[in-house]
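Engineer: Need coordinates for the following:
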Amino acid sequence: WQRDQLNMDAFLQFLRQRDHSRPFMSFFFIESTHASYSFPDSKALYSDDQQDIDYMKLRKEGLAIDAKPLLNRYRNAGHWIDEQLGRLYVELEQQGLLDSTVVIITGDHGEEFMEKGAWGHNSTFVDEQTRVPLVVHMPGQAAAVIERPTSHMDISTTLLQQLGLTNAVDDYSLGRNLFDTTPRDHLVLSDWHSIGVVTPTLKYRIPYL
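Structural biologist: The predicted structure follows:
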């Protein structure tokens, strides 16, 4: 959590000192919500969280009985990240940038807490491990909750089109614009050792080997 706070400090400093006559693009990787789920004690929302995580002692058998303390530790880390992101939005608003800046918040994977028999991620393509938060602030787009399936591959497509690219999407991407309402018959997922094809009625896993 300390690194995330320091990185946000540095990022806000960049926003203040940059050349304001030029556009900017930035990427910010956040660590607090990755195991072992880090946050300052003073910011904990849930007091009944797991105090320490010793990977050598963690067992599925024990987590199957009660994974809630570990989940609450994750929630506390998420709350800390919310606070850091709030600092970013305040700075963008104070600089009058919200009406001209695209902000995208997402994760590279979900996190399971024994809902389907596992803890963490990268072990299978269950929803808990594959569905991620995706929050998009897009100037000119009204606030909405989008429940149709989307993909990380859609992010670059959306940004390129927002910047004015008019080529057919097939020229450069396997994704589509996040705001495209055309029905989608499948998504492609991947982890370290397999590919998953997800349709409305099934999930099919193909090992790389």
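Engineer: Lowest mean pLDDT among the helices and strands of the chain, which one is it?
Structural biologist: Counting by mean pLDDT, DSSP states H and E, the chain has its least confident helix or strand at helix 60-65, which shows a mean of 90.
Engineer: For it, which residues meet the burial criterion?
Structural biologist: residue 63 (16 or more other Cβ atoms under 10 Å). (Glycine included, C-beta is placed from N, CA and C.)
Engineer: Which is the succeeding secondary structure element to it?
Structural biologist: Heading C-terminal from helix 60-65, the first helix or strand you meet, by DSSP states H and E, is helix 68-94.
Engineer: other SSEs contacting that next one?
Structural biologist: Using 3 or more Cβ pairs under 8 Å, 6 or more residues apart in numbering; DSSP states H and E, the elements in contact with helix 68-94 are helix 2-17, strand 103-106, strand 112-113.
Engineer: what's the average pLDDT for the shortest one?
Structural biologist: Same thing as strand 112-113. Mean pLDDT, computed over strand 112-113, is 96.
Engineer: Neighbouring strands - and their directions - for the helix or strand following that strand?
Structural biologist: Next in sequence after strand 112-113, counting helices and strands by DSSP H and E, comes strand 119-120. Strand 119-120 sits in its sheet next to strand 112-113 (antiparallel), going by DSSP bridges.
Engineer: Pull the number of nearby residues for the nearest residue to residue 138 once chain neighbours are set aside.
Structural biologist: Sequence neighbours aside, residue 102 is the residue nearest to residue 138 in space, at 5.8 Å (criterion: Cβ to Cβ, 6 or more residues apart in numbering). Per other Cβ atoms under 10 Å, the neighbour tally for residue 102 reads 14.
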